[in-house]
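# structural data only, the sequence is not supplied:
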DNA sequence: GATGATATGTAGCAGTCGCTACATAAGCGC
DNA sequence: GCGCTTATGTAGCGACTGCTACATATCATC
């Protein structure tokens, strides 16, 4: 019983490696099994079906991502400074496999396919909470909405980078290449009440 | 010769319908052929291979999208007013199939797969030009960078909606449901030089 | 040492994928 | 009518998909 759970966990971690390197298109049973040094037969011995197996694997990926993000940006900053920082963080090499996977999840979620819709939604919630926690706001009531706007813009830059338009990201952040971002340019005024 | 090109074009339009309704995952030869009332054999008679066939089809989809966008939002507005308008436009029902396809393209492009990378890039360029043309700026030099930022944010809301987080989109735009967007809330100051 | 649970290998099913070989039809100029 | 180009049907290939039936190994317990 316990050995079984341990084995499952080990398989999940190895499958997470594989999914991160080849994405969902390459996540079919036989290649996944090969990456674990086992057989498709055994994967379906430890998991009910491919859905359960993938859910567990994507859960592990999400956990790694959470860890990665928490370690990467401890600082707290206002909107204008946080946006370019997070965008640069998302452009960093270690994030690439996660963001590729993220876009694949978003595409599947957009067609209401389970378990991808649920998993992508949870990841999105995590992103928002992570962003909100790092956002410095002058009016606490604005935290969530400001974080949402920030998250949306960051997600957009991820898409633009995915389609090979880094130049648009740079323009959006108001940077020339080799130039530090100019936070003043990105200041976002609070709604007057 | 001419009949052949006409036939190709007719097939492309029917395939565009099909791809818009089921997306790239459903875009395999036999279903595509069935949607055209023909056979996979004939598709590969009129097109060299699946890549050429899909490129032509996605080109037709892009043309339709351009037409749809140009017809949808003739007005010109400053950043703060344009953002919520475009976001609402993207949330409209007729856009849904295009945006689902767009996310699938972005995911494939993110893995550098051709022809998707090229097509998605061109679509992105079109989006930017379309946005920039509708943007009212006080300083012409800022047009492209402001449009880029706007586009990024819009793309982000598309992703958030795809993963079932309309609430985040609403929060980002500073709207309560059933409330008109408040443009003042979204004003973005120009960089001081 | 027999028995039953846990684990693993082998083989295969029925389906889909992109693509192709081969044959046959249909039209059209000579 | 003949032959040539254009169009279409039939059938299948080899690879891959998720999944399963069946047999066998390993090992702890009684």
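Cool, got the structure. Because the structure is a prediction, the values reported are computed rather than measured. Numbering: from 1, shown residues only, chains lettered A, B, ... in the order given.
# excluding its backbone neighbours, what's nearest the residue of chain A found nearest DNA strand C?
Here the residue of chain A nearest DNA strand C is residue A:41; by C-beta to the nearest atom of the strand that distance is 4.0 Å. (Glycine included, C-beta is placed from N, CA and C.) Of all residues not flanking residue A:41 in the chain, residue A:33 sits nearest, at 7.9 Å (C-beta to C-beta, 6 or more residues apart in numbering or on different chains).
# how far off centre is the one helix or strand that neighbour maps to?
Element membership for residue A:33 (DSSP states H and E) is helix A:29-35. In this view, helix A:29-35 has its centroid 24 Å away from the chain centroid, taken as C-alpha atoms, centre = their mean, to the nearest Å.
# do stretch A:32-39 as well
Using C-alpha atoms, centre = their mean, the offset of stretch A:32-39 from its chain centre is 25 Å.
# can you give me the helices for chain A?
Listed in chain order, the helices found in chain A under DSSP state H are A:2-22, A:29-35, A:40-46, A:50-72, A:79-91, A:96-110, A:116-133, A:143-162, A:166-172.
# using JSON lines, lay out those helices together with mean pLDDT, distance to DNA strand D and mean neighbour count.
Shown next, in JSON lines, are the helices of chain A (pLDDT from 0 to 100; distance: least, C-beta to the nearest atom of the strand, whole Å; neighbours: other C-beta atoms under 10 Å in any protein chain shown):
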{"stretch": "helix A:2-22", "mean pLDDT": "92", "distance to DNA strand D": "10", "mean neighbour count": "16"}
{"stretch": "helix A:29-35", "mean pLDDT": "96", "distance to DNA strand D": "4", "mean neighbour count": "16"}
{"stretch": "helix A:40-46", "mean pLDDT": "96", "distance to DNA strand D": "4", "mean neighbour count": "15"}
{"stretch": "helix A:50-72", "mean pLDDT": "95", "distance to DNA strand D": "3", "mean neighbour count": "17"}
{"stretch": "helix A:79-91", "mean pLDDT": "94", "distance to DNA strand D": "29", "mean neighbour count": "20"}
{"stretch": "helix A:96-110", "mean pLDDT": "98", "distance to DNA strand D": "14", "mean neighbour count": "24"}
{"stretch": "helix A:116-133", "mean pLDDT": "96", "distance to DNA strand D": "14", "mean neighbour count": "19"}
{"stretch": "helix A:143-162", "mean pLDDT": "97", "distance to DNA strand D": "23", "mean neighbour count": "25"}
{"stretch": "helix A:166-172", "mean pLDDT": "96", "distance to DNA strand D": "32", "mean neighbour count": "21"}
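# tell me which parts of chain A are close to DNA strand C?
By the criterion of C-beta under 7 Å from any atom of the strand, the positions of chain A lying close to DNA strand C are A:1, A:3-4, A:7, A:38-42, A:45.
# between all of the residues you listed, which two are separated the most?
A:1 and A:40 (23.6 Å; C-beta to C-beta).
# I'd assumed residue A:70 was in contact with residue A:130.
Yes. With contact defined as C-beta atoms under 8 Å, residue A:130 counts as touching residue A:70 (7.4 Å).
# now do the contacts for residue A:162.
Counting by C-beta atoms under 8 Å, 6 or more residues apart in numbering or on different chains, residue A:162 touches A:99-100, A:103, B:106-107, B:109-110, B:120.
# hmm, 10 Å instead?
By C-beta atoms under 10 Å, 6 or more residues apart in numbering or on different chains, the contact list for residue A:162 reads A:96, A:99-100, A:102-103, B:103, B:105-112, B:117, B:120-121, B:124, B:155.
# walk me through the domains of chain A.
In terms of domains, chain A is parsed into A:1-57, A:73-193 (source: automatic domain parsing).
# turn those into TSV, columns for distance to residue B:52.
Formatted as TSV, these follow (distance: least, C-beta to C-beta, whole Å):
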stretch	distance to residue B:52
domain A:1-57	21
domain A:73-193	21
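# nearest to residue B:24, of the ones you listed?
Among these, domain A:73-193 comes nearest to residue B:24, with 8.4 Å by C-beta to C-beta.
# related to what we said a few turns ago, among the domains of chain A, which is nearest residue B:170?
Nearest of these (C-beta to C-beta): domain A:73-193, 8.2 Å.
# picking that back up, quick one: list the elements packing against the helix holding residue A:33.
Under the contact criterion of 3 or more C-beta pairs under 10 Å, 6 or more residues apart in numbering or on different chains; DSSP states H and E, helix A:29-35 touches helix A:2-22, helix A:40-46, helix A:50-72.
# again, 8 Å this time
When contacts are defined as 3 or more C-beta pairs under 8 Å, 6 or more residues apart in numbering or on different chains; DSSP states H and E, helix A:29-35 packs onto helix A:2-22, helix A:40-46.
# these: which one's closest to residue B:55?
The minimum distance between residue B:55 and the helices and strands packed on helix A:29-35 falls on helix A:2-22, with 23.9 Å, by C-beta to C-beta.
# can you tell me how far residue A:11 sits from residue B:75?
Residue A:11 sits 55 Å away from residue B:75, going by C-beta to C-beta, to the nearest Å.
# check residue A:21 too.
46 Å.
# again with residue A:61
Applying C-beta to C-beta to residue A:61 and residue B:75 gives a distance of 43 Å.
# next one: residue A:14
54 Å.
# residue A:17 now?
50 Å.
# over to residue A:39?
According to C-beta to C-beta, residue A:39 stands 61 Å off from residue B:75.
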